[in-house]
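A.B. asks: Here's my sequence, what's the structure:
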Amino acid sequence: MASLDFNKEKDAFRAFYDSKQKLFENAMKCYLSIIGTLLRESDIGEVTKIEGRVKDKEECIKKFHRKYQNKLEASEQSYAIKDYLSDLIGIRIICLYEDQIAGVSEILKQRFKVIDVTDKISAVESTEGSFGYKGLHMDLALNDQMAILSKYQQYAEYPFEVQIRSLIQDAWSVLDHKIKYKKSIPNDLKRRINVLSALFELADREFKEIRNATTALMQQETTAPISDLPEGSGEDADQYSPVSSEKTINAFNFLRVAGHFFRDFEFEDYKVDDFVHNILKMDSQFQKADLHKCLNEKLKTVREYRDDFIAANPDSTFSPYTSIRHCLYLCDKDVFSRVLSKSPKERFEAWLQAFQGG
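C.D. replies: Numbers count the residues shown, from 1 in each chain. So this is what the prediction gives:
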């Protein structure tokens, strides 16, 4: 029974916590599983981390003492500590970008009962001169439909807190908790902390803008002509029209051209980046149209060489990257002399001599 005796209520809470700890841990795992499934099945984009914890019982008591005890005792209102702890079970969701937070929040609102929402992002941004970590905190519980299901019934009376942050916000929160005495530090230190907080916020925005720009470039290359060759300047040129986009080869337009010739191969981002970088080290002016022209003119020959090579070396591979290297070498043996290492180059030259001689 609730009382105004803090020592008595501490003992009661410890006993309650110890008797329910295993249930709390199972509830946390259940909530993690539900949320993980919801986010994987959504179009929210990549979420870098979903983790949970059951709050330490002594930390629970300290939080109650800090936030509620004095107010309750001043009003002579009896209390049981467990009734004031919405975050005993906690879930943290770390998104890549700040603008994913609202989407994650909406998904959770559709599935769970919302008890309370604390928007620390708006709170910090609307307070001049303030600093502190940002994020969205939601106190949630199983909704009525879930609570009556046998597999969830035992968790129905235990709410949980979800913290949703971007990757940058999460990094700042770790540092923010290390800054002591924030309310009483000298003004010059406050200004320095505010500058640092602003830099983290700027980083969050810039990552989002870079993502948007990257997506736009990918979309542009998806709809842009595969070749930038003028009409009539080469094989299949009549299918394409000139475009005013960036001409020099880059990861985006490389994917557009290479994907056209190797439709069944999945080019990995980091490998494309390295490959294009190496091309530009050999020819800094190499263009998207040059790659298209090279593959258009030389790939048939290289594929014949590949078939002969695989027939003679059945345990070897000959990837699209290898095919493109051989095409580049055929297009300009001086500029791209280093695109093939010594042994593959000698083997290819010997085959070319026999092929041309035949």
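A.B. asks: pretty sure F355 is touching V302, no?
C.D. replies: No. Using CB atoms under 8 Å, F355 is not in contact with V302; the gap is 11.0 Å. For the C-beta atoms, the positions are set from N, CA and C on the backbone; glycine is no exception.
A.B. asks: Wait, a strand at M138?
C.D. replies: Yes. M138 forms part of a strand when assessed by DSSP: H, G, I helix; E, B strand; the rest coil.
A.B. asks: Let me see the contact set for it.
C.D. replies: 105, 108-109, 114, 116-118, 161-162, 164 (CB atoms under 8 Å, 6 or more residues apart in numbering).
A.B. asks: For the protein, which segments count as strands?
C.D. replies: For the chain, the strands defined by DSSP state E occupy 47-54, 89-95, 112-119, 136-142, 160-166.
A.B. asks: Mind checking those strands for the one nearest to E346?
C.D. replies: In terms of CB to CB, the element of the strands of the chain nearest to E346 is strand 47-54, at 46.7 Å.
A.B. asks: what helices or strands is the closest one leaning on?
C.D. replies: Identification of packing neighbours for strand 47-54 by 3 or more CB pairs under 8 Å, 6 or more residues apart in numbering; DSSP states H and E yields helix 6-40, strand 89-95.
A.B. asks: Report the backbone C-alpha coordinates of the shortest one in PDB.
C.D. replies: Read that as strand 89-95. Taking Å, rounded to 0.1, in the frame of the first residue of the first chain, the C-alpha atoms of strand 89-95 are listed here in PDB:
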ATOM      1  CA  ILE A  89      12.200  -0.600 -19.600                       C
ATOM      2  CA  GLY A  90      14.000   1.400 -22.300                       C
ATOM      3  CA  ILE A  91      14.500   1.100 -26.000                       C
ATOM      4  CA  ARG A  92      16.900   3.200 -28.100                       C
ATOM      5  CA  ILE A  93      16.600   3.600 -31.900                       C
ATOM      6  CA  ILE A  94      19.500   5.200 -33.700                       C
ATOM      7  CA  CYS A  95      18.700   6.500 -37.200                       C
END
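A.B. asks: ok so, going back, could you say which of the helices and strands packed on strand 47-54 is packed most deeply?
C.D. replies: strand 89-95 (a mean of 22; mean count of other CB atoms under 10 Å).
A.B. asks: Any buried residues in stretch 310-322, and which?
C.D. replies: 318, 320-322 (16 or more other CB atoms under 10 Å).
A.B. asks: one step back: need the helices and strands packed on strand 47-54 in CSV (columns: distance to F261 and mean pLDDT).
C.D. replies: Formatted as CSV, the helices and strands packed on strand 47-54 follow (distance: least, CB to CB, whole Å; pLDDT from 0 to 100):
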stretch, distance to F261, mean pLDDT
helix 6-40, 33, 95
strand 89-95, 36, 95
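A.B. asks: got a markdown table for those, with distance to V276 too?
C.D. replies: Formatted as a markdown table, the helices and strands packed on strand 47-54 follow (distance: least, CB to CB, whole Å):
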| stretch | distance to V276 |
| --- | --- |
| helix 6-40 | 32 |
| strand 89-95 | 29 |
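A.B. asks: Including distance to D176, could the buried residues of stretch 310-322 go into CSV?
C.D. replies: Putting the buried residues of stretch 310-322 into CSV (distance: CB to CB, whole Å) gives the following:
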residue, distance to D176
F318, 53
P320, 47
Y321, 45
T322, 50
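A.B. asks: Return the subset of those residues lying in helices.
C.D. replies: Those of the buried residues of stretch 310-322 mapping onto helices are 320-322, per DSSP state H.
A.B. asks: coming back round to it: so which of the helices and strands packed on strand 47-54 comes closest to H277?
C.D. replies: Of all those, it is strand 89-95 that lies closest to H277, at 29.5 Å by CB to CB.
A.B. asks: So for stretch 253-269, what gets flagged as buried?
C.D. replies: So, applying 16+ other CB under 10 Å, buried residues of stretch 253-269: 253-259, 261-262.
A.B. asks: residues making contact with it?
C.D. replies: 218, 221-222, 224, 226-227, 245-246, 251, 272, 275-276, 288, 291-292, 295, 299, 319-320, 323-324.
A.B. asks: Give the buried subset of the residues you listed as a ChimeraX selection command.
C.D. replies: Buried residues among these (16+ other CB under 10 Å), as a ChimeraX selection:
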select :221,224,226,227,246,251,272,275,276,288,291,292,295,299,320,323,324
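A.B. asks: thinking again about what came up before, quick one: which of the helices and strands packed on strand 47-54 is nearest A74?
C.D. replies: When the helices and strands packed on strand 47-54 are compared by CB to CB, helix 6-40 sits nearest A74, at 13.0 Å.
A.B. asks: So which elements touch that closest one?
C.D. replies: strand 47-54, helix 57-64, strand 89-95, helix 101-111, strand 160-166.
A.B. asks: Report the angle between the last one and helix 101-111.
C.D. replies: Yep, that's strand 160-166 we're talking about. Interaxial angle, strand 160-166 versus helix 101-111 (axes from the mean of the first three to the mean of the last three CA atoms, to 10 degrees): 160 degrees.
A.B. asks: Could I get the full set of helices for the stretch 251-358 of the chain?
C.D. replies: Listed in chain order, the helices of the stretch 251-358 of the chain (DSSP state H, counting those that start in this stretch) span 251-261, 269-282, 288-312, 320-331, 342-357.
A.B. asks: and the angle for the fourth one with helix 288-312?
C.D. replies: Translated: helix 320-331. 110 degrees.
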